[in-house]
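Asker: Predicted model and sequence follow; I will ask about them next.
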Amino acid sequence: MAKWFVLVLLSLLMLPVQANWLNDINRKVRALGEPEAEIQVAKPLSALELADYPPQYQYQRVMVPSHDTPLFVLQAGLEHQDTVVLVHGLGDLASKDWLTVIPDLAAQYHVVAIDLPGFGLSQGAVFTYSPKEYAKVIDWVITQYRHPGQVSLVGHSMGAAISLYYANQYPGRIGQLVLVDAAGILDRTAYIKHLSTRDNDKADLPQGVRRVIARVDNFADKMLEKTGTGFDPTRLFSNDSSLRNMTIGEQTNMNAALALMEQNFSVLNYQQMPTTQIIWGAQDTVAPLRTAHALQHVLPLSQLHVISDAGHVPMKSHPQRFNSLLLASLQGMTSARPARMTNVSQRIGRCFQDDHTHFSGQYQHIILNDCKLVRFDNLDTQQLTLTDSIVSMSKSRIGTAGHTMVITRSVMTATDTDIVGRINSNRSRFDFAGVSFYGESPVFISQASTRLVLSLTRIITPTQSTRLGGSYVLAEQSLESMLSY
């Protein structure tokens, strides 16, 4: 029952966004040196509204001209040159989520924390609360409130997703990006599967029982994947803005959540992103740690910091540890990930009915037959053959240039992985997050009935680079041929 409840709830996650061309023109005019308009103050803040905020900070409620909506702005550390802008996630607390963070930040930085329109003390105009529209608000905030030094953007959960989108849409505006437990990045189907699947590695059960559970979860995942390519009733909201505004427009959390899940983060240009620090709670059940590894895969200058026993809101559950990591992240630099060593191994790895379930290191060839519990971690294999098997892999590299890997009646889940050469699939299923294909096109060929769930996935050939995400069903065709339709 829980699986279908989650499915019905999260299947409502789609909304359109509208471009604001007038705001873009105004921004270009300001860039030419025209004097900026004075900030228009909105309804004054009352003592009751500020009761939970420390008195030593500066507070304003101003009007954002791009959407004619009120915006609550908190400032601290006004004496500092470098600015840190904090963007909150879903929930009623809004900027209050940062109150355990701001004192440490304000000792070294000018801090700007906001309540996004529709949240907290920024109740006002109703529009599509999407990353695209919120990015316009953040750009106005940075333009109006930044100090002369570097600007860093820190986002949590939905706010992290918005910050990521902002960095893509407004390149060069910020010097550094910090993402905290970013939500809404994975493809919707991948996320639903995460919510509904047991972690078999931690189940204290005999191997035979775990194999049965793996088969049951596999069947449930198959059903969920089918919904990812079926009819989506939320298109009714996407095609009728008046219907959306009448039904969910003023339900801020629903409005923002739907618009967040509508955004395809897989197609952003991650190569132009600024230096990025990623902070994550390992026990996050809202935004799985898999998301962090997928983001690290596509962000060329990024570093991941994991708080092992923290959940989705690490700044509140582990404030000292989080603040220490955040300050170090803002002061530190990241470098590109080192290149993998050349694989010259002659080792052959085999598994039959789970007699060998964990592989790491270098192999020439791995062959799996009727294995349901296999994990690859930091694996580098030149060849891979799967038959009637279920495998999960992370931080790995499989295949070699000019060769084809055969996957038959199997399931492959891969995160932060490079695939070299070509995959030939026959009645198999794939869930890729932070995966890059390298080779001559076509890199993926389906012989019959193949399903793919793709998040932050790239196809890199000598002639082109393609970024893609979403759910796909292939018959007898290549993935590239389907994308060309």
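Answerer: In hand now; what should we look at? Numbering: from 1, shown residues only.
Asker: Okay, now the unreliable bits of the stretch 301-450 of the chain?
Answerer: The model of the stretch 301-450 of the chain has pLDDT under 70 over residues 333-336.
Asker: I meant to write the stretch 51-200 of the chain there.
Answerer: Segments of the stretch 51-200 of the chain classed as low confidence (criterion: pLDDT under 70) are 193-200.
Asker: So what's the residue count around residue 79?
Answerer: A count of neighbours around residue 79, defined by other CB atoms under 10 Å, yields 8. Backbone N, C-alpha and C define where each C-beta goes, glycine included.
Asker: With residue 123 instead?
Answerer: Counted with other CB under 10 Å, residues neighbouring residue 123 total 16.
Asker: For it, give its distance to residue 116.
Answerer: When CB to CB, to the nearest Å is the yardstick, residue 123 and residue 116 sit 11 Å from each other.
Asker: cool, and residue 262?
Answerer: The gap separating residue 262 from residue 116 is 17 Å, by CB to CB.
Asker: Ok, residue 453 next?
Answerer: Here residue 453 is placed at a distance of 30 Å from residue 116 (CB to CB).
Asker: same check, this time on residue 306
Answerer: For residue 306, the distance to residue 116 under the criterion CB to CB works out to 27 Å.
Asker: out of the two, which sits in the busier spot?
Answerer: Between residue 306 and residue 116, counting by other CB under 10 Å, residue 116 is the more crowded of the two (26 against 16).
Asker: The more buried one: what's it in contact with?
Answerer: Taking CB atoms under 8 Å, 6 or more residues apart in numbering as the contact definition, residue 116 lies against 87-88, 94, 122, 129, 134, 137, 159, 162, 256.
Asker: tell me the domain ranges of the chain?
Answerer: The chain is divided into the following domains under automatic domain parsing: 2-186+238-331, 348-483.
Asker: how distant is the first one from the center of its chain?
Answerer: It refers to domain 2-186+238-331. The chain centroid and the centroid of domain 2-186+238-331 are separated by 14 Å under CA atoms, centre = their mean, to the nearest Å.
Asker: center of the protein - which residue?
Answerer: Centroid check for the chain by CA atoms, centre = their mean gives residue 185 as the closest residue, at 2.6 Å.
Asker: Doesn't that residue belong to a helix?
Answerer: No - assignment of residue 185 by DSSP: H, G, I helix; E, B strand; the rest coil gives coil, placing it outside any helix.
Asker: Just among the contacts of residue 116, which is most surrounded?
Answerer: Within these, residue 162 tops the neighbour count with 31 neighbours, counted by other CB under 10 Å.
Asker: And the helices in the protein?
Answerer: When assigned using DSSP state H, the helices of the chain occupy the ranges 2-10, 21-31, 102-106, 131-145, 158-169, 188-196, 207-228, 235-239, 241-247, 252-262, 289-298, 314-317, 319-331, 479-483.
Asker: what's the fourth one packed up against?
Answerer: Under the contact definition 3 or more CB pairs under 8 Å, 6 or more residues apart in numbering; DSSP states H and E, helix 131-145 sits against helix 21-31, strand 69-76, strand 83-87, strand 110-115, strand 151-156, helix 158-169, helix 252-262.
Asker: Same check on the last one?
Answerer: With contacts defined as 3+ CB pairs under 8 Å, 6+ apart, the packing partners of helix 479-483 are strand 444-448, strand 450-460, strand 465-474.
Asker: What mean pLDDT does it get?
Answerer: For helix 479-483, mean pLDDT rounds to 88.
Asker: quick one: contacts of that helix?
Answerer: Taking CB under 8 Å, 6+ apart as the rule, helix 479-483 contacts 441-446, 452, 459, 466, 468, 472, 474.
Asker: distance between the ends of stretch 379-399?
Answerer: Across stretch 379-399, the straight-line distance between its terminal residues is 11 Å, by CA to CA, to the nearest Å.
Asker: buried residues in that stretch?
Answerer: Within stretch 379-399, the residues scored as buried using 16 or more other CB atoms under 10 Å are 379-387, 389-399.
Asker: what sits against the closest residue in space to residue 446 that isn't next to it in sequence?
Answerer: Distances taken as CB to CB, 6 or more residues apart in numbering place residue 474 nearest to residue 446, at 3.7 Å, with adjacent residues excluded. Listed by CB under 8 Å, 6+ apart, the contact set of residue 474 reads 425, 446, 449-452, 482.
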